[in-house]
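K.L.:
return a 3D structure for these sequence lines:
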Amino acid sequence: MQFSFTVGTNEQHRVEFSFDQFIGNLEIKVDGQTVIKDFRVASLKLTKRYELTVGVDEEHHVAIEKTRKLFLAGLRPQRYRIFIDGQLVQTYHG
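P.N.:
Numbers count the residues shown, from 1 in each chain. Here you go, the predicted structure:
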């Protein structure tokens, strides 16, 4: 699953999310620079939350929640929710 979105009004930043649910590689970039790398093979948690702060003069708190099914998660669609400053702004399924 890959998606990207823009954060900020006057000071805009591009956040890119990439997750290969079969292999388990996850990467989050801001303006082309990797800020979070994770490798998910097995987990007891159904929801994993990634949080970061974006911006310098115009700071925004960004959270991306990845929710998986209990069984055969690598073969089933997962849900991704994007929060900016505590507000849900987008949901992806895939």
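
K.L.:
if I look at the closest residue to Q2 other than its chain neighbours, how far off is R81?
P.N.:
Computed as CB to CB, 6 or more residues apart in numbering, the closest residue to Q2 that is not its neighbour in sequence is S18, at 4.9 Å. Just so you know, the C-beta spots here come from the backbone N, C-alpha and C atoms, and that holds for glycine as well. Distance of S18 to R81, given as CB to CB, to the nearest Å: 16 Å.

K.L.:
sec struct for the most centrally placed residue in the chain, please.
P.N.:
The centre of the chain sits closest to I64, judged by CA atoms, centre = their mean, with a distance of 3.8 Å. On the three-state scheme (DSSP: H, G, I helix; E, B strand; the rest coil), I64 is labelled strand.

K.L.:
bridged to it, which residues?
P.N.:
Per DSSP bridges, the residues bridged to I64 are Y50, I82.

K.L.:
hang on, isn't it packed against R79?
P.N.:
No. Using CB atoms under 8 Å as the test, I64 is too far from R79 to be in contact (11.0 Å).

K.L.:
coming back round to it: now the residue nearest to Q2: which helix or strand?
P.N.:
For S18, the host element (DSSP states H and E) is strand 13-20.

K.L.:
what mean pLDDT does that strand have?
P.N.:
Strand 13-20 carries an average pLDDT of 95.

K.L.:
quick check: angle from whatever helix or strand comes next after it to strand 13-20?
P.N.:
Downstream of strand 13-20, the first helix or strand assigned by DSSP H and E is strand 25-30. Put simply, strand 25-30 runs at 180 degrees to strand 13-20, going by axes from the mean of the first three to the mean of the last three CA atoms, to 10 degrees.

K.L.:
elements contacting whichever helix or strand T91 is part of?
P.N.:
Per DSSP H and E: T91 is located in strand 87-93. Counting by 3 or more CB pairs under 8 Å, 6 or more residues apart in numbering; DSSP states H and E, the packing neighbours recorded for strand 87-93 are strand 2-7, strand 79-84.
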